[in-house]
Structures are given as structure tokens and as C-alpha cells.
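**Q** what follows is a predicted protein model with its sequence.
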Amino acid sequence: MELKTFPAHVDSLDPLRQYVKEISQQAGLDKKATYNLILAIDEIATNIILYGYQNAGLEGIIDVKTEVADNQLKVIFEDDAAPFDPTTRELPDQEDFDLPLDERPIGGLGIYLTINGVSEFKYEYSNNRNRNIFIVDIKSP
Amino acid sequence: MKIAENIVESIAVIEVEGNIDSKTAPEFEKAAINAIKGQGQVIIDLSKVEFLSSAGLRVLLMIYRQIKAQNGKVVLVGVSEEIQDVMSNTGFINFFIIVATIEEGIESLKQG
């Protein structure tokens, strides 16, 4: 398992996406799967940076762990902000997406994109750390 | 991210280059609000945008609402396949006119 640490700041989003993109390409993900994973990690990193740390007046880091095993790429974010489980948020559904854009609620869009962008998304809280886990199945070409 | 605002044949044209994420979306929003002030139609060129997060979708939604209030239309140019997929999964795509070039965008707005 590889570890790279990023400061919890919006300036880290670009290098973070670059890093995960390289790992995805090495793991053999296609263009679409790579994009959707990058979108997922960007959305969760944004939440951690803005709501976990910044709004709480905290500075901190995001540890990014990556691993390829059993035809799956696993990316794990660990942070020290207050516990926040994205999977408990109410997400928009098809009914919301069918509404005209001027009537629709906009909350939860990022987490919707996260969950839909990967094969599996999990959240754990252990050792006083949030763990956001992104798993993508690697399809053989 | 770089943003250029122009008026072409009395239509506001916003060209964006780079990634639209939660770092850059506020800048995109500010430029867009400025560019669409008093405008009924807008063309947003996204052909040099590789990445657009939900922060960027929110700005597109804001632009759509403003222009819709003037009974206008929003044209998006050169949207990548990946971004189009995200827009269609979230029901955003149907509210915008999606074209390949700025010229096509101007043409479609002129036809009403």
C-alpha cells in the first residue's frame, strides 16, 4: 500500500487529482473509469477540506493510500477532522433529476457523483480518523 | 483556470480554460455573473475544460437560472464526453444546448 500526504487545502485538489489519475492509469483503468474516480475523490476531498477542516477553523492533512489487488484499485482517504459519514446524507434521486433545473435541490450532488463514480464507496471511522474508501473494479481489456 | 469574456454578434461568450473545481469555481462564477449581466443569451466554451466537479455544475445551474429568467438560452460548446456523461446522469444535459463550435452556438441562438 502506497501513502502520499496532501495538505487539506483547495490548492491540493489539482495535485491530488493528478496523483490519482497516474495511479489509475498504472492500474489499467480506462478513460471513463479514471475520470469518474477522479471526480469521486475530488468531491470527497472538497468536503473534507471545506467542511471537515476549514469551516471548523482547523488545518490538517489528507493521507491518501492506494493499493491494487484482486483486480481492484482501492484508494483510501484518511483525515483527522470531525467524524462525517457521507453515506448517511440524503441523496438526490431520479425524481429530483427529472425536475426542471430551476426547481431542483442542489444538495448532495457531490456525494451522488462519488457513489455513482466508483464500483464501491465505503466510510469507516477508526482510531479517531475518517476513512473514505473508493474501490474500482479493473476490467480486463 | 483562465477565463475570457467577449461579446460576439451581441451574444455573451465565455471561454474557460483549465479545471473547474471548488478552488476555481468561485472565479468562474464571478466572471460568468459579470458576463451575463443584462444578457439574454450566453455561450460558454468548455472545449478546454478537462474536469468539472459539482462546484462547476452549481455555477452552470446559476447561469441557467439567470438566463432563463430573461427567457434566454445557454449554449455549451465542446463539452468532453466524460463531462457530458456526468451532466446526463444528473439530468443537467437537457437544459443546455450542446454544440461542437462557437459558430454553431451562434447559429442555433440566432435561429431562436
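**A** Received, thanks.
**Q** any idea how far the nearest residue to residue A:27 once chain neighbours are set aside is from chain B?
**A** By the measure of Cβ to Cβ, 6 or more residues apart in numbering or on different chains, the closest residue to residue A:27 outside its immediate chain neighbours is residue A:73, 4.4 Å from it. Any C-beta I mention is one placed from the backbone N, CA and C, and that applies to glycine too. With distances taken as Cβ to the nearest Cβ, to the nearest Å, residue A:73 is found 18 Å from chain B.
**Q** residue A:73 bridge partners, please.
**A** Applying DSSP bridges to residue A:73 gives these bridge partners: residue A:68, residue A:136.
**Q** where in chain A is the helix or strand with the lowest mean pLDDT?
**A** Lowest by mean pLDDT, DSSP states H and E among the helices and strands of chain A is helix A:94-98, with a mean of 84.
**Q** what's in contact with it?
**A** By Cβ atoms under 8 Å, 6 or more residues apart in numbering or on different chains, the surrounding residues in contact with helix A:94-98 are A:104, A:105, B:89, B:90, B:91.
**Q** isn't the third one up against residue A:116?
**A** Yes. Shown here, residue B:89 and residue A:116 form a contact pair, counting by Cβ atoms under 8 Å, at 6.4 Å.
**Q** pick out the most distant pair among the contacts of helix A:94-98.
**A** With distances taken as Cβ to Cβ, the most widely separated pair in the contacts of helix A:94-98 is A:105 and B:89, at 16.4 Å.
**Q** more neighbours, those two?
**A** residue B:89 (15 against 10; other Cβ atoms under 10 Å in any protein chain shown).
**Q** any idea how far the more buried one is from chain A?
**A** Distance from residue B:89 to chain A, by Cβ to the nearest Cβ: 6 Å.
**Q** next, the contact list for that residue, please.
**A** A:97, A:113, A:116.
**Q** what is the burial count for the first one?
**A** In this case it means residue A:97. Applying other Cβ under 10 Å, we find 17 residues neighbouring residue A:97.
**Q** quick one: contacts for the residue of chain B found nearest chain A?
**A** Across chain B, no residue is closer to chain A than residue B:91, which sits at 3.2 Å (Cβ to the nearest Cβ). Going by Cβ under 8 Å, 6+ apart, residue B:91 touches A:96, A:97, A:98, A:99, A:101, A:104.
**Q** which among these gets closest to chain B?
**A** Closest approach between the contacts of residue B:91 and chain B, by Cβ to the nearest Cβ: residue A:97, at 3.2 Å.
**Q** now the contacts of residue B:89 in a markdown table, with distance to residue A:21?
**A** What follows is the contacts of residue B:89, written out as a markdown table (distance: Cβ to Cβ, whole Å):
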| residue | distance to residue A:21 |
| --- | --- |
| A:97 | 27 |
| A:113 | 17 |
| A:116 | 19 |
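**Q** run the chain-centre distance for the top helix by length along chain A.
**A** Counting residues, the longest helix found in chain A (DSSP state H) is helix A:31-47. With Cα atoms, centre = their mean, to the nearest Å as the basis, helix A:31-47 stands 6 Å off its chain's centre.
**Q** ends of stretch A:50-65, what's the gap?
**A** Counting by Cα to Cα, to the nearest Å, you get 21 Å between the two ends of stretch A:50-65.
**Q** which ones among the contacts of helix A:94-98 lie within strands?
**A** Secondary structure from DSSP state E places none of the contacts of helix A:94-98 in strands.
**Q** reformat the residues you listed as JSON lines; add distance to residue A:14.
**A** Formatted as JSON lines, these follow (distance: Cβ to Cβ, whole Å):
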{"residue": "A:104", "distance to residue A:14": "29"}
{"residue": "A:105", "distance to residue A:14": "29"}
{"residue": "B:89", "distance to residue A:14": "24"}
{"residue": "B:90", "distance to residue A:14": "23"}
{"residue": "B:91", "distance to residue A:14": "28"}
